[in-house]
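1. Need a 3D model of the following:
(chains A, B, C and D)
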There are 2 protein chains.
Amino acid sequence: MVKKLNPKNIRIKDIAKKSGVSEGTVDRVLHNRGKVSVKSADKVKRVLKEINYTPNLIARTLGKNKNYRLVALTPDPNLDPYWQQSFEGIKSGEAQLVQFGIHLDVEYSFFDPTKKESFQKAALDVFHSQPDGVLVAPLFYYASIPFFKELSEARIPFILFNTHIVEANALSFIGQDLFKSGNLAAELVSIGQPANSTFAVVHINEDLPNSVHLVEKEKGFRDYFVSRGNSHTIKTYVLNNTEPLPFQDSVTKILHDAWLAGIFITTSKAYLIAPIINKINPSIRIVGYDLIKENMECLKHGSMHFLINQNPMRQAKLGLQALANHLLFKKKIPPLHLFPLEIITPQNVSTYLSHEGNLAGITV
Amino acid sequence: MVKKLNPKNIRIKDIAKKSGVSEGTVDRVLHNRGKVSVKSADKVKRVLKEINYTPNLIARTLGKNKNYRLVALTPDPNLDPYWQQSFEGIKSGEAQLVQFGIHLDVEYSFFDPTKKESFQKAALDVFHSQPDGVLVAPLFYYASIPFFKELSEARIPFILFNTHIVEANALSFIGQDLFKSGNLAAELVSIGQPANSTFAVVHINEDLPNSVHLVEKEKGFRDYFVSRGNSHTIKTYVLNNTEPLPFQDSVTKILHDAWLAGIFITTSKAYLIAPIINKINPSIRIVGYDLIKENMECLKHGSMHFLINQNPMRQAKLGLQALANHLLFKKKIPPLHLFPLEIITPQNVSTYLSHEGNLAGITV
DNA sequence: AGGTGAAATGTGTGCGCACACATTCTAAAG
DNA sequence: CTTTAGAATGTGTGCGCACACATTTCACCT
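-> Predicted coordinates for the structure are as follows:
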C-alpha cells in the first residue's frame, strides 16, 4: 500500500512556530479570547492571512466532555404518520452522531398539530427547560413568534423545519418552498389534460387561515395557471370532518359540484379521498403529498397518480445534524436549506423507499 | 447552559477494567491481532457480548498519520458535462473530508467514454500505481472485468458508480436501477396520452451493444408497456453522427417514419434533439436524462418535458466518502446504494439546482 | 532597589483509539 | 534450580484541539 506522511495540514502548533508565539496565544487570537498584546495579535494575524488555516473539526470535538441538551418541538408522532417519519429522522440523526462519539441528550416536547394551544404549552415547557438548542416545526405562525423572541433573547440557538417563519430569525430553516410546491402540483395535475378543465384544491382537517403552509401551497397552485394565462377553472374546498360517513358525503358533493379533471390535496391525507373519488370517476387525476404507507397503497392501486415528497425524515435528520454542526463543530450553518421537490409516481416510488434510511456516510 | 458529564459511552478502557485485562489485550481481541490466551480472550468476549461497544469513529482516525492514495477512474470531464458534474462531486467530497482532518490523495485517471481502448489503458495505469482504493465508472463491461479481477487479487478495494457490474465483486455499487429508470421513462412519456400511440427510444452517439446501461434502460422502457398489456407501439433508433447537418437529417427522418406521441432519449444528450423536434411538432413529449445546462434550457423553453436526474455529482461524492468510510473509519459499506429516480420538470428544476452543493453536515 | 498586581504568555492535560514497545509470565531446555 | 525463548500481557505515546492553569513580563508604586 502506498502511503506517506501527511505534509499538508496546518496545525495550531505550526502557526505558533511561524509567528513566534506560543500555541496558547494563537488559540486566544483564533477565538478572540482577549488577553493578547497588539503586537502578538498582529504577528499571528499576519501568519493566518498568508496560510489558509482550517481547524480540524474532528479534533475540535475530542475534548468535549459535556453533553448538549437539545429539545425537539414537533407534533406528536402518534397522531400522524407524517410526524412519525419526522421523529424517526431525529432518531436516525442521533444514532449517526453517536457513531462519531457525539452523545447528544435529545429530549422531546410534542404537541397536537391541530391545536394552537397545545403548541403554546409545549413551547413554554421547552423554554423553561433552557436547553442548549431547539429543533422546531412551527406550524402556528402567531403562536410561535413570541417563543422565538424568548429563545433569541436567551441566546438559545434554534432551527426551523417543515414550516418557514422568516421573522423568527432562526439559525436555519430546513424544508421546501411551498409556493413552488403548489406550482409543481398544478403542473402535475394538468399535464396532458385538455384546455378548459376544472381542478380542485382540497384542504383536509386543518384550521386553514391559521395554517400558512397550506395557504402557500394553494397560492402557488393558482399562480401556475394564472401566470400562464390558462383557461382552467380552480375550485377550493376545505374538509374538516373526517368521520367516514360525513366525509364520504362531502367528497361526493365536490364531485357533483363540477366535472373535475384533477384534484390537488394539500396535506398528506390524500389517501382519505383517493379511493372514494376513484370509485366514482377513475379518470380524475389526484396529486397529494408524502410517502405515507396509505398514500403509497393508493399509488400502487392506481387511485392516486402523483405524490410530492416532503421528506420529513431527512428534514428532521438534517435539522439535528445542523444543530450539532453549530454547537460542536462550530460550523457555519446556511440560513436556508431548501429541499428539492421530489415527484413520486407508481414507477419510482420503490426507489425512494429503499433509499430512505441507508444513508451511510459522512455528509448530508 | 445545561451540561453534564457524559455517562454513556463505553471506552476500550472500560472494557479492559470490566474484564480484568489491559487495554492492549482488549485491542488485540477487538482487532483479531492474535497473541491472546484463550482465557483472556474469553473474558473479553464475554464482556463485549453483554455491553454494546461501538468504537468512537472520530477517535479512530485521530492517530492516522498516513495518507491514503485513491484513484478515480472516470470519463474525461472535459469531454462531457455529465462527467464534469461527476468530477465536481469527487472534489466536493474531498473538500468535506478535509474539514474533518482527513486528507486524501485523490488522483485521477481519465478515459474517453466512447472508446473502450481508452478505458483499458487508463485502467492499466491505475492498477500499476497500486493505490489504496479505486472509484470507477465502468462503462465497458467486457473491458472492465479483468481489471476488477486484478484489483481483487491485489486486495485493492474499489467502488463502482454509474454503471453496475455485478460480477465485479466490488466493495459497493452506487447508482440507479436502470431497468426501473426505463420503466419510469415509459410512464412519463405516456401519461395522459391516447391509446395506440407510438413512442420512440433514441440512443445517441454510443456503441449500443457494448453499452449495458443504455440497453437496460430500453428494456425497462419496453417492459412497462408489455407488462401492462398496452396497445402502444415502440420504435428504436440509434444516432451516431452528431455533426449538425446529418444529425438534423436523421432526426427528421425519424419523424417521417411514424406519427410519434413521445420520445425517450437514453443519454444526457436529449438537448441535441429536442429543439429540432419541437420546431417540427411541438406536441411530441420528450423525456431525457440529467440536469445538464443545455437540457435545463430546453425544459424552460418548453421543448423538453421531463428529465430523469441521475445525480452524477452526488453519486461520485458518495463514492469517495464510502471509500473513506471503509479505509479510515472501517465502517461497513452497504454493497448496493441505489439512488432514487428523480423526476425533473419545468416546475421543480430550480429546486434541484439550489439544493446541489450546499450539503453541509455530517451524513449522507 | 524591591515589591506588587495585572496583563501577557506559555505549558500541560485529556478526549478515545491504534499501534509500537516494554515488561511479565510460562514452559521447556540446560 | 537456573536460563531463556517465546508467548502473553501491559504501558506509553501521539493525533489536534480547547481550556485550565502556571509562569513570565512589565509598568507602576513605595
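2. Around DNA strand D, pick out the residues from the stretch 1-150 of chain A.
-> A:6, A:9, A:11-13, A:23-24, A:27, A:30-31, A:55-56, A:59-60, A:62-63 (CB under 7 Å from any atom of the strand). From N, CA and C alone the C-beta is placed, and that goes for glycine too.
3. Which one (most neighbours) among those residues?
-> A:Asn56 (19 neighbours; other CB atoms under 10 Å in any protein chain shown).
4. show me what contacts whichever residue of the stretch 201-350 of chain A sits closest to DNA strand C?
-> Nearest residue of the stretch 201-350 of chain A to DNA strand C, counting by CB to the nearest atom of the strand: A:Leu328, 12.8 Å away. Each residue near A:Leu328 by CB atoms under 8 Å, 6 or more residues apart in numbering or on different chains is listed here: A:Arg60, A:Thr61, A:Lys64, A:Tyr68, A:Ile102.
5. ok, the closest residue to the first one other than its chain neighbours - how many residues close by?
-> On the basis of CB to CB, 6 or more residues apart in numbering or on different chains, the spatially nearest residue to A:Arg60 that is not a chain neighbour turns out to be A:Phe329, at 6.3 Å. The criterion is other CB under 10 Å. On that basis, A:Phe329 has 20 neighbouring residues.
6. close enough to count as contact, A:Phe329 and A:Thr61?
-> Yes - counting by CB atoms under 8 Å, A:Phe329 touches A:Thr61, with 6.5 Å between them.
7. picking up where we left off before, among the contacts of A:Leu328, which one lies nearest to DNA strand D?
-> Nearest to DNA strand D among the contacts of A:Leu328, counting by CB to the nearest atom of the strand, is A:Arg60 at 4.0 Å.
8. Could you check how far the closest one is from DNA strand C?
-> 9 Å (CB to the nearest atom of the strand, to the nearest Å).
9. Mind pulling up the pLDDT for that residue?
-> What the model reports as pLDDT for A:Arg60 is 87.
10. got a list of what it touches?
-> A:Leu328, A:Phe329, A:Lys330.
11. quick one: it is in a helix?
-> Yes - checked against DSSP: H, G, I helix; E, B strand; the rest coil, A:Arg60 lies within a helix.
12. For A:Leu135, which three-state class applies?
-> Under three-state DSSP, A:Leu135 comes out as strand.
13. That one - how many residues pack around it?
-> 29.
14. ok, now A:Asn278?
-> 17.
15. Next: A:Arg228.
-> 12.
16. got the phi/psi numbers for the residue in chain A that chain B sits nearest to?
-> Taking CB to the nearest CB as the measure, the point where chain A comes nearest chain B is A:Gly192, at 2.2 Å. Backbone torsions for A:Gly192, taken as degrees, to the nearest 10, come to phi 70, psi 10.
17. just checking, it touches B:Gln193?
-> Yes - taking CB under 8 Å as the definition, A:Gly192 is a contact partner of B:Gln193 at 6.5 Å.
18. Have a look at these two and say which one is more surrounded.
-> With neighbours defined as other CB under 10 Å, A:Gly192 and B:Gln193 compare such that B:Gln193 has more, 15 against 12.
19. And that one, how far from A:Pro146?
-> Per CB to CB, to the nearest Å, B:Gln193 is found 53 Å from A:Pro146.
20. related to what we said a few turns ago, I'd like the distance between the residue of chain A closest to chain B and B:Asn311.
-> A:Gly192 is 26 Å from B:Asn311, by CB to CB.
21. In contact with A:Gly133, which residues?
-> A:Tyr68, A:Leu70, A:Val71, A:Ile156, A:Pro157, A:Phe158, A:Ile159, A:Leu323, A:His326, A:Leu327 are the contacts of A:Gly133 under CB under 8 Å, 6+ apart.
22. That one and DNA strand D: what is the separation?
-> As judged by CB to the nearest atom of the strand, A:Gly133 and DNA strand D stand 16 Å apart.
23. What does the pLDDT read for that residue?
-> 95.
24. Tell me the bridge partners for it.
-> A:Leu70 (DSSP bridges).
25. quick one, what contacts A:Asn196?
-> A:Asn196 neighbours (CB under 8 Å, 6+ apart): A:Ser231, A:His232, A:Thr233.
26. you'd agree it is in a helix?
-> No - assigned with three-state DSSP, A:Asn196 falls outside any helix and is coil.
27. wait, isn't A:Thr54 in contact with B:Val98?
-> Yes - if you go by CB under 8 Å, A:Thr54 and B:Val98 touch, sitting 6.9 Å apart.
28. between the two, which one's more packed in?
-> Shown here are A:Thr54 and B:Val98; by other CB under 10 Å, B:Val98 has more neighbours (16 against 12).
29. Assumed that one was part of a strand.
-> No - applying three-state DSSP, one finds B:Val98 to be helix, outside a strand.
30. What is the burial count for A:Lys17?
-> The number of residues near A:Lys17, taken as other CB under 10 Å, comes to 14.
31. what's the answer for the one 4 residues further on, then?
-> Taking other CB under 10 Å as the neighbour definition, A:Val21 ends up with a count of 21.
32. In this structure it contacts A:Lys43, no?
-> Yes - counting by CB under 8 Å, A:Val21 does reach A:Lys43; the two are 6.3 Å apart.
33. all helices for the stretch 1-150 of chain A, in order.
-> Applying DSSP state H, counting those that start in this stretch to the stretch 1-150 of chain A gives helices spanning A:12-19, A:23-30, A:38-50, A:57-62, A:81-99, A:116-129, A:141-153.
34. got it, and the stretch 251-364 of chain A?
-> Under DSSP H, counting those that start in this stretch, the stretch 251-364 of chain A gives helices at A:270-280, A:293-301, A:312-327, A:349-355.
35. Perfect, I'm done here.
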